[in-house]
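**Student:** below is the structure, and that's it, no one-letter string:
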């Protein structure tokens, strides 16, 4: 840890990529070269230890990252907070919440596979939070690795203005080192772990190539610096300082992506990437962060990375540690001190004391007395939820929360053993607090506990964690896809609700139209066109609420209704018998009565599927995708492997991993992520309607 907190010397970075691109291996090397660890362990290491950042037992067994892990290292004169994030789409919230609080990122790409489906998702997340990034083309020691092909994919598929910072010396198993195009020197990495760096003249056979790529780099950097542009036009050589400053400008503007190369597994190129983090990624004061002023109708306020200003911090991740809840916080402004009180703006302005502040290193921690603007720390003993804002009480500013995608799959689960009920509830409570994409509710009709998540693996991991961490084995029903309903045409409604019992009765009338919205991403819209006081103003919200409540469970197949606009044009009321409840019931019944006139249709989640397998299995793989109602979007072949991109309904994807393995002798791999909702074919809709009607009939019998 640096003794002096100098903001300009701090970098908060994330490492993100498609699954299996080598993120965790790269992080392990960074920890080793910065002196954080003294021995390197592999992700699926034979030593049985596993990578430092994969500290969960489950992560080590499966060889994948499930939770983002934080650490803090020193490299030369800078301090770096690093978050290693999962690549699997089921844990996308971990990437989302990490990027929300980071200032810069490293996008890791595989030197063989290049830009893959999850690389595209991660890139989209980086753009959402305006995170400047470096790219690192990894695995250049592998057969078929080609950095220029990956560079072109970065430009074409991700639309990056990407520039090579280095070119390789040797290729595949002859990959020896890199030529730095800024310094125009060759670097070789020796010693058992590549820790000895040797700097030499560029080999004669690479000189022409190096000059060509350096010329391109200077040309791209010249767009961000007039003095450099002038030198470029006059064909004068810029100094190293001038070139670095221009590249940094372009990178911070998000208009240039410096591309580094290497092989983390073979310990080559990582130290130069760390130099790139120091030279080109922003320190906290160079990033614009905004909060919302709750006293002024949520007007945006720009935060300043000053330690003397009022405190503003965001709790972006919760973890249940050995000593209770651990809350990861990013300090955006001000200083947080141990023992002082802070205010949770999201928790009704509750004041809490900060008992302990620690810097995390995977699952180990180092105590600290205070944390200043720009730092990322973990705090013990604070009860809050993910996304809560904390201040010192002097300002009423809240940070915007992160984007949380909708869940696409649900399972009915129950404890195997009735005695484990208390642990079962405790586990669900904990996971729900930890992960905003993990949702839990009780199904009213069947009284079952339903968990919802981002995919089969997501829910599988949580069920496994219940067993290990809470000693509670669970039994799961068949997975249930999150279908939706919508209407395909407009229809008028006109409904009067009358109920006369002893005393005051109920009376309400609503007239209007149900209209399909142009996009089902907008779930609901309500427009009040009632004039002349036909419905008193105080009853309008009750009508709106009635429609929304009824749309939570559609009459067609029992799933939420989306993409509907309700236009209220007329109505009537009674001076004595009208009430909020009467108008609410009236709206609910009107929706049920007239819904089928709007020709409702069922919608299903369609997934973007990317499958890769050896070429000889191409026919089998495509056949399987077609059988599952998949539409193939494109294929490309590379070094004996074929990658097939398709769109497939989620309902058809259960059991795909087993089928793929058997069709490709265990050599096929796939990744899948949610793409959009689409109308289900008529025959499948008829089946869904039939099932729902049977279920209703059985419930009524009970």
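**Tutor:** Perfect, I can see it now. Only a predicted model underlies this, so the values are computations on that prediction, with no experimental measurement involved.
**Student:** helices of the stretch 1-150 of the chain, start to end?
**Tutor:** 23-33, 57-62, 92-101, 117-128, 147-156 (DSSP state H, counting those that start in this stretch).
**Student:** next, format these as CSV and append mean pLDDT, distance to residue 592 and mean neighbour count.
**Tutor:** Heads up, the C-betas are built off the backbone N, CA and C, glycines and all. Formatted as CSV, the helices of the stretch 1-150 of the chain follow (pLDDT from 0 to 100; distance: least, CB to CB, whole Å; neighbours: other CB atoms under 10 Å):
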stretch, mean pLDDT, distance to residue 592, mean neighbour count
helix 23-33, 83, 50, 25
helix 57-62, 51, 45, 16
helix 92-101, 70, 35, 25
helix 117-128, 78, 38, 20
helix 147-156, 92, 51, 18
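**Student:** now distance to residue 666 too, for these, in TSV please.
**Tutor:** TSV is the format used below for the helices of the stretch 1-150 of the chain (distance: least, CB to CB, whole Å):
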stretch	distance to residue 666
helix 23-33	23
helix 57-62	16
helix 92-101	27
helix 117-128	21
helix 147-156	27
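**Student:** those helices: which one's closest to residue 191?
**Tutor:** The minimum distance between residue 191 and the helices of the stretch 1-150 of the chain falls on helix 23-33, with 11.1 Å, by CB to CB.
**Student:** and that closest one, what does it pack onto?
**Tutor:** strand 10-17, strand 69-75, strand 78-84, strand 104-110, strand 133-138, helix 270-280 (3 or more CB pairs under 8 Å, 6 or more residues apart in numbering; DSSP states H and E).
**Student:** quick one: which of the helices of the stretch 1-150 of the chain is nearest residue 297?
**Tutor:** Using CB to CB, those put helix 92-101 closest to residue 297, at 23.3 Å.
**Student:** which neighbours does whichever strand in the chain runs longest have in its sheet, and in what orientation?
**Tutor:** When the chain is parsed with DSSP state E, its longest strand is strand 600-614. Using DSSP bridges, strand 600-614 pairs in its sheet with strand 484-487 (antiparallel), strand 641-649 (antiparallel), strand 669-679 (antiparallel).
**Student:** contacts for the first one next, please.
**Tutor:** The reference is to strand 484-487. 514-516, 520, 554, 556-557, 559-564, 595, 598-604, 677 (CB atoms under 8 Å, 6 or more residues apart in numbering).
**Student:** for stretch 373-392, which positions count as buried?
**Tutor:** Within stretch 373-392, the residues that qualify as buried are 373-380, 382, 384-392, counting by 16 or more other CB atoms under 10 Å.
**Student:** er, stretch 177-189 I mean
**Tutor:** 177, 178, 179, 180, 181, 182, 183, 186, 187, 189.
**Student:** show residues contacting that stretch.
**Tutor:** With contacts defined as CB under 8 Å, 6+ apart, stretch 177-189 is touched by 164-170, 176, 195-203, 206, 210, 213-214, 217, 240, 243-244, 247, 261-262, 267-269, 271-272.
**Student:** among these, which ones are buried?
**Tutor:** Buried among those by 16+ other CB under 10 Å: 164-169, 176, 202, 206, 210, 213-214, 217, 243-244, 247, 261-262, 267-269, 271-272.
**Student:** in the stretch 301-450 of the chain, which spans are strands?
**Tutor:** Remark: strands assigned in the stretch 301-450 of the chain by DSSP state E, counting those that start in this stretch are 312-321, 324-333, 335-337, 341-344, 350-353, 356-361, 364-368, 370-372, 376-380, 389-391, 397-399, 409-415, 439-442, 449-453.
**Student:** parallel or antiparallel, list what pairs with the third one.
**Tutor:** Paired neighbours of strand 335-337 in the sheet (DSSP bridges): strand 370-372 (antiparallel).
**Student:** do the second one as well
**Tutor:** As defined by DSSP bridges, the strand partners of strand 324-333 come to strand 312-321 (antiparallel), strand 376-380 (antiparallel).
**Student:** same deal with the fourth one?
**Tutor:** Looking at strand 341-344 with DSSP bridges, its partner strands are strand 350-353 (antiparallel), strand 389-391 (antiparallel).
**Student:** run through the residues that contact the closest residue to residue 237 other than its chain neighbours.
**Tutor:** Nearest in space to residue 237, with sequence neighbours left out and distances taken as CB to CB, 6 or more residues apart in numbering, is residue 231 at 7.4 Å. Residue 231 makes contact with 222, 237, 238, 242, according to CB under 8 Å, 6+ apart.
**Student:** mind checking which of those are buried?
**Tutor:** Buried among these (16+ other CB under 10 Å): 222, 238, 242.
**Student:** now do the second one against residue 39, distance only.
**Tutor:** For residue 238, the distance to residue 39 (CB to CB, to the nearest Å) stands at 41 Å.
**Student:** quick check: longest helix of the protein.
**Tutor:** helix 682-701 (DSSP state H).
**Student:** now that we have the contacts of strand 484-487, which of them are buried?
**Tutor:** 514-516, 520, 554, 556-557, 559-564, 595, 598, 600-604, 677.
**Student:** count the residues that sit near the closest residue to residue 131 other than its chain neighbours.
**Tutor:** With sequence-adjacent residues excluded and distances taken as CB to CB, 6+ apart, residue 131 is closest to residue 105, at 5.0 Å. When neighbours are counted by other CB atoms under 10 Å, residue 105 registers 29.
**Student:** give me the pLDDT for residue 105.
**Tutor:** The per-residue pLDDT reported for residue 105 equals 90.
**Student:** surely it meets residue 13?
**Tutor:** Yes: here residue 105 reaches residue 13: they are 5.9 Å apart, a contact under CB atoms under 8 Å.
**Student:** picking up where we left off before, now intersect the contacts of stretch 177-189 with the helices, please.
**Tutor:** Reading helices off the contacts of stretch 177-189 with DSSP H, I get 210, 213, 214, 217, 240, 243, 244, 247, 271, 272.
**Student:** from these, pick the one nearest residue 530.
**Tutor:** residue 247 (60.4 Å).
**Student:** list the contacts for that closest one?
**Tutor:** Residue 247 touches 163, 165, 182, 217, 221, 224, 256, 258, 279, 280, counting by CB under 8 Å, 6+ apart.
**Student:** adding distance to residue 468 and pLDDT, write those out as JSON lines.
**Tutor:** Output for the contacts of residue 247, formatted as JSON lines (distance: CB to CB, whole Å; pLDDT from 0 to 100):
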{"residue": "163", "distance to residue 468": "46", "pLDDT": "94"}
{"residue": "165", "distance to residue 468": "43", "pLDDT": "95"}
{"residue": "182", "distance to residue 468": "48", "pLDDT": "93"}
{"residue": "217", "distance to residue 468": "50", "pLDDT": "94"}
{"residue": "221", "distance to residue 468": "51", "pLDDT": "94"}
{"residue": "224", "distance to residue 468": "51", "pLDDT": "93"}
{"residue": "256", "distance to residue 468": "45", "pLDDT": "95"}
{"residue": "258", "distance to residue 468": "42", "pLDDT": "96"}
{"residue": "279", "distance to residue 468": "43", "pLDDT": "94"}
{"residue": "280", "distance to residue 468": "42", "pLDDT": "94"}
